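**Q** next come a sequence and a model predicted from it.
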Amino acid sequence: MVSMVGNVLTVVTITTSPLLKCPMYYFLAHLSFIDACYSCVNTPKLIVDSLYEKKTRLFNECMTQIFGEHFFGGADVILLTVMAYDCYAAISKPLYYDESAAMWSAGGSGVGGRLSSWIHSDPLHIQIALFVPKVIDHFMCDLNPLLDLACTDTHNLGLFVAANSGFLCLLNFLLLLGSYVVILNSLRTQSLEARQKALSAYVSHITTIILFFVPCIFVYMRPAATLPIDKAVTVFYTMITPMLNPLIYTLRNDQMKNAIRKLCSRKLISGEI
């Protein structure tokens, strides 16, 4: 509920205010939309399964869930990286900053997510279409748990998953950390108050990035195998990060808080009329 309300409120606030013209808020609206959709991939089924002792799932339902995970997860990874570059370009190279190019980048995140989900779900469907019924030691369908059920040799497919998902997460994580190091280094010439304000904001952003990328790297940047701790680790990037993003990017931003107040005021006035 916190994730859906926070993300939907962020999307509505930005799209109904002049903030949409600013690339940073344009990206934030896309991020909130993706997070809202990402929260709907696994959490509703988890809630329903918690009400029943026997938890079953059809194969096609599993494949659909994997597609959704990697579609919205891949888009999230790419968009977070684009947002970091946008911030770096706006601060470090303002003379070369191109707002239209920045906004086109948001659309590229969806294309990247679609490509990532297709790369994973299509070969996986071919490889394990004939597995015998077994129990998945997980609360969701994912690549490694399904590979454990395969009747055929999936060693190469497991390496492919590690090389694709794991490497993508690791590369983007390093790019994000590098961009924030450059940004924070460029703030040395600013006033003490400006540095403290920026440091407060970026520490929150870096915390969110660590909560999202480090668990992803742990799960995917290793040979295909399911560990008991995977269930707890997966919670961070599938549930906690989509819930924290609107809190971190919105409640710590004065412009967003003012826009939310104005939106609520308009709704109250409309209701009275």
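**A** Perfect, I can see it now.

**Q** can you point out the buried residues in the helix or strand containing F167?
**A** F167 is located in helix 167-186, with elements delineated by DSSP states H and E. Buried residues in helix 167-186, defined by neighbour count with 16 or more other CB atoms under 10 Å: 168-170, 172-173, 176, 179-180, 183-184. For glycine as for every other residue, the C-beta is placed from the backbone atoms N, C-alpha and C.

**Q** immediately after that helix, which helix or strand?
**A** helix 192-220.

**Q** so for that following helix, what gets flagged as buried?
**A** Neighbour-count burial for helix 192-220 [16+ other CB under 10 Å]: 198, 202, 204-206, 208-209, 211-220.

**Q** what mean pLDDT does the helix or strand where R266 lies get?
**A** Applying DSSP H and E as the criterion places R266 in helix 254-272. In this model, helix 254-272 carries a mean pLDDT of 72.

**Q** lowest confidence element among the helices and strands of the chain?
**A** Lowest by mean pLDDT, DSSP states H and E among the helices and strands of the chain is helix 99-127, with a mean of 49.

**Q** wait, I66 touches H138, no?
**A** No - judged on CB atoms under 8 Å, I66 makes no contact with H138 at a distance of 11.7 Å.

**Q** now for the buried residues of helix 167-186: which two are most distant?
**A** L168 and L184 (24.8 Å; CB to CB).

**Q** tell me where the model's unsure across the stretch 101-250 of the chain.
**A** Scanning the stretch 101-250 of the chain for pLDDT under 70 picks out 101-133, 150-156, 158, 194, 197-198, 200-201, 223-225.

**Q** switch the cut-off to 50
**A** Residues of the stretch 101-250 of the chain meeting the criterion pLDDT under 50: 101, 104-106, 108-114, 117-118, 121-123, 125-126, 129-130.
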